[in-house]
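Participant: Sequence plus predicted model, see below.
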Amino acid sequence: MPTNLPPEYFEADKRYRQASGTHEKIEALEALISTVPKHKGTDKLRAGLRKRLSKLREEGARKKKTGGRDLFTVERQGAAQVSLVGLPNSGKSSLLASVTNARPVIAAYPISTVLPLCGMMPFEDIQFQLVDLPPIGNESTDGPVSGILRITDILLLVVDLVDDPAAQAELLIDQLMEWKIPAGGCEVGQGGRPTGKPRKPLIFVANKRDLSGAGVALDLLGRQWADRFPLAAVSCSTGEGLQEMRRFVFENSRILRVYAKEPGKEAEMDKPFTLGAGSTVLDFAAMVHKDFVSHLQYACIWGSGKFDGQRVQRTYALHDGDVVELHAR
Ligand SMILES: Nc1nc2c(ncn2[C@@H]2O[C@H](COP(=O)(O)OP(=O)(O)OP(=O)(O)O)[C@@H](O)[C@H]2O)c(=O)[nH]1
Ligand SMILES: [Mg+2]
């Protein structure tokens, strides 16, 4: 890292590293480049950053000009991507409209959604990307929908409480199995032992609990599935249960929020870094700056340590909410 870089550089660098999605990354990188003073000592750094920028711009242009098939390409954003899976009319689009700023088509006729549509769902200080999809069982979209489900992070199975939800749930689970999408808990190998390969978190969302008859159907659904998957009962019409559903998504996401603190400064509590469960101090350091990977000596930690500011090693496993101060050699 060249010396004599202004503090704005490090601020902009952090924003760049936290940016998600090609467009946001391009903007952040342009801002970063503008903070680098122009002199001999920064030639290499500026050239490197400009190269990265032109790569990102190419990537952005490629995405823009792709044809029809790529209408099903969903650019990842936020802490994790959560896909809405369900039969026609179960309320997937209503759910997207209830918890994000997106404005999907919502209609009483089936298959009103024909293409994916995304929105950002805030939870406390992070955001999840929700992806509304055409319904399962629609021949012309099942192929690309299954492709999205294969690479998405979390599955929300939306069932309609007043349209035989237990049968809907079974149908959806069968379809996921047929597509070989690993969902729910841990993958089980030969002899019933877990393979160590994590499966995608799966959450049932039982919608339309405002309608009469929903309570009885919910009991039945719970008896059948609640011991295997989390189940959130919601109404997109009244907003009941939606807050609890957001929490379920976070609690099942295996995401840790970690806050950076620079030595001698206050921790930055407004924008956490998000890491997968089991991540270590070294994983966090690599996210903050690649140079830390070789230069990291130790870290101080506030939160899960035995005491505030406790010194921990590179292999220390982080917890949600930890504040970490990195010390390089
Ligand atoms: N009473 C009630 N009606 C709801 C609720 N959520 C959705 N609906 C209604 O159910 C119908 C279908 O809603 P959508 O959100 O379009 O369902 P969808 O799952 O996106 O449907 P497709 O895109 O066709 O797969 C609409 O008429 C909604 O107004 C709810 O919580 N309560
Ligand atoms: Mg829809």
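Facilitator: Received the coordinates, thanks. Keep in mind that what you see is a predicted model, and the values were worked out from it rather than measured. Ligands and ions are numbered 1, 2, ... in the order given.
Participant: CA atoms for contacts and neighbours, from now on please.
Facilitator: OK.
Participant: So which helix or strand of this structure has the lowest pLDDT on average?
Facilitator: Here the helix or strand of the chain ranked lowest by mean pLDDT, DSSP states H and E is strand 186-188, holding a mean of 57.
Participant: and the gap between the residue most central in space within the chain and residue 256?
Facilitator: With distances taken as Cα atoms, centre = their mean, the chain has residue 80 as the residue nearest its mean C-alpha position (0.6 Å). Applying Cα to Cα, to the nearest Å, the value for residue 80 to residue 256 is 11 Å.
Participant: which parts of the stretch 1-150 of the chain sit against ligand 2?
Facilitator: Residues of the stretch 1-150 of the chain lying near ligand 2 by Cα under 5 Å from the ion: 93, 113.
Participant: all helices of the stretch 1-150 of the chain, in order?
Facilitator: 7-18, 22-35, 43-65, 92-99, 139-151 (DSSP state H, counting those that start in this stretch).
Participant: And the ones you listed, which one averages the lowest pLDDT?
Facilitator: Per-stretch mean pLDDT for the helices of the stretch 1-150 of the chain is lowest at helix 43-65 (a mean of 87).
Participant: elements contacting it?
Facilitator: Where contact means 3 or more Cα pairs under 8 Å, 6 or more residues apart in numbering; DSSP states H and E, helix 43-65 is packed against helix 22-35.
Participant: The helix it packs on vs helix 43-65, what angle?
Facilitator: 160 degrees (axes from the mean of the first three to the mean of the last three Cα atoms, to 10 degrees).
Participant: What are the buried residues along helix 22-35?
Facilitator: Under the neighbour-count criterion of 16 or more other Cα atoms under 10 Å, helix 22-35 has 22, 25-26, 28-29, 31-33, 35 buried.
Participant: Let me know the closest of those residues to ligand 2.
Facilitator: Nearest to ligand 2 among the buried residues of helix 22-35: residue 22, at 26.5 Å, using Cα to the ion.
Participant: pretty sure the closest one contacts residue 55?
Facilitator: No - look at residue 22 against residue 55 with Cα atoms under 8 Å: they stay out of range, at 10.3 Å.
Participant: who touches both of these two?
Facilitator: Counting by Cα atoms under 8 Å, 6 or more residues apart in numbering, no residue touches both residue 22 and residue 55.
Participant: Of the buried residues of helix 22-35, which is the nearest to residue 165?
Facilitator: residue 22 (38.7 Å; Cα to Cα).
Participant: check contacts around the closest one.
Facilitator: Counted by Cα under 8 Å, 6+ apart, residue 22 has contacts 56, 59-60.
Participant: How about residue 112?
Facilitator: Per Cα under 8 Å, 6+ apart, neighbours of residue 112: 88, 105-106, 134.
Participant: Next, give me the two most distant ones among the residues you listed.
Facilitator: Checking those with Cα to Cα, the most distant pair is 88 and 105, at 12.8 Å.
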